[in-house]
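**Student:** Sharing a model prediction with you, sequence too.
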Amino acid sequence: MKKIQKEVKAFMKERDWLNQPPVDVAKSIIIEAAELLENFQWSNFFVEEVEKDPELKEEIVKELADVFIYSIEMSILLGVDIEKIVHDKLVAAAKKYPVGVVNGSLGSKKYKAIKKKYRADQSSK
């Protein structure tokens, strides 16, 4: 178990949270993700704009930490190695979105077409 997982697990153990239902943690992830998104409501901040506003950045970082903590709690409850699952997902994403095909096209029609084709290919298996 990685250092951050050990730290979160100790936090959970001290509070007798190691037996909580995964559905409750999943709900908490979504709630905290919504609170993260709330910082962007009615605006489309670019990185430079966030960097120029220390209060905004601090709020974003706090909510991001909450999302990470609950996600780590889920990994502990399910007994999964977070480094392995992130690595495996990146390998799969690299196949789904190959370099040279999707470079700089996030949100474009090309990206959406690749994603749609990938999903269709997966459902036909």
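**Tutor:** It's in.
**Student:** Next one: residue 122, what pLDDT does it get?
**Tutor:** pLDDT for residue 122: 81.
**Student:** In the host helix or strand of it, which residues are buried?
**Tutor:** If you go by DSSP states H and E, residue 122 is part of helix 109-123. Neighbour-count burial for helix 109-123, counted by 16 or more other Cβ atoms under 10 Å, picks out residue 114. C-beta: built from backbone N, CA, C; applies to glycine.
**Student:** quick one: that helix to chain centroid distance?
**Tutor:** 21 Å (Cα atoms, centre = their mean, to the nearest Å).
**Student:** who are the neighbours in contact with residue 41?
**Tutor:** Neighbouring residues of residue 41 by Cβ atoms under 8 Å, 6 or more residues apart in numbering: there are none.
**Student:** That one: what secondary structure?
**Tutor:** coil (DSSP: H, G, I helix; E, B strand; the rest coil).
**Student:** tell me what the longest helix seen in the chain is packed against?
**Tutor:** Of all the segments of type helix in the chain, defined by DSSP state H, the longest one is helix 54-78. If contacts are counted by 3 or more Cβ pairs under 8 Å, 6 or more residues apart in numbering; DSSP states H and E, helix 54-78 sits against helix 3-14, helix 22-38, helix 47-52, helix 82-96.
**Student:** Make CSV out of the ones you listed and add distance to residue 115, mean pLDDT and mean neighbour count.
**Tutor:** Rendered in CSV, the data for those read as follows (distance: least, Cβ to Cβ, whole Å; pLDDT from 0 to 100; neighbours: other Cβ atoms under 10 Å):
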stretch, distance to residue 115, mean pLDDT, mean neighbour count
helix 3-14, 31, 96, 14
helix 22-38, 20, 97, 14
helix 47-52, 24, 91, 11
helix 82-96, 8, 93, 11
